[in-house]
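**Q** coords please:
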Amino acid sequence: MAPSIRHINPPELGIPPGYSQIIDVTAHRIIFIAGQTAADRDGAVVGKGNFDVQAEQVFENLAVALRASGCTPANLVKLTVFVTDMNNLARYREARNRFFASVTPAAAPAVTLVEVSRLYGPDFLIEIEAIAAA
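**A** The predicted model follows:
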């Protein structure tokens with residue numbers, strides 16, 4: 001059974017840029033993906049000091065986690081994004097838009113994005129945890 005993922009954006013809540021206000025899911029499985037950072041398979045930081053490189057690595061790690069659970073970005077229903085500098089918001093959105101560009105049907109999970117003073121490693125600039133439905 002394929003999941004039913006319905007994106008709802010009531011006009012009273014405004015039109016969000018690149019995400020959905022509400023996700024209504026009927027699924028057989030719910031997949032919780034731990035926070036993904038810009039670490040390579042050996043745990044080394046990729047793109048130290050470079051937000052763009054780190055964001056690309058984070059989304060690549062997210063794609064690996066999705067594939068490992070038999071999912072694609074189309075299965076994502078919720079992202080929680082942590083950045084150490086909100087001035088990187090536009091750059092995060094660019095990386096996110098590239099990640100979702102090839103998803104059919106279009107995916108726009110619910111998203112919470114927050115600025116934090118630091119992540120678990122001092123060189124990490126972004127971390128994303130996710131929930132997928134399958």
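**Q** for stretch 55-69, which outside residues touch it?
**A** 31, 33-34, 36-40, 46-47, 72-73, 75-76, 88, 91-92, 95-96, 98-99, 126-128, 130, 132, 134 (C-beta atoms under 8 Å, 6 or more residues apart in numbering). To be clear about C-beta, it is placed using only N, CA and C from the backbone, and glycine gets the same treatment.
**Q** quick check: longest helix of the chain.
**A** helix 51-68 (DSSP state H).
**Q** quick one: average pLDDT of that helix?
**A** This predicted structure assigns helix 51-68 an average pLDDT of 98.
**Q** next one: stretch 114-123
**A** For stretch 114-123, the per-residue pLDDT averages 96.
**Q** identify the residues contacting residue 84.
**A** Residue 84 touches 115, 116, 117, 118, 119, 124, 125, 126, counting by C-beta under 8 Å, 6+ apart.
**Q** what distance do you get for it to residue 110?
**A** As for residue 84, its distance to residue 110 is 22 Å (criterion: C-beta to C-beta, to the nearest Å).
**Q** how about residue 126?
**A** Counting by C-beta to C-beta, the gap from residue 126 to residue 110 is 18 Å.
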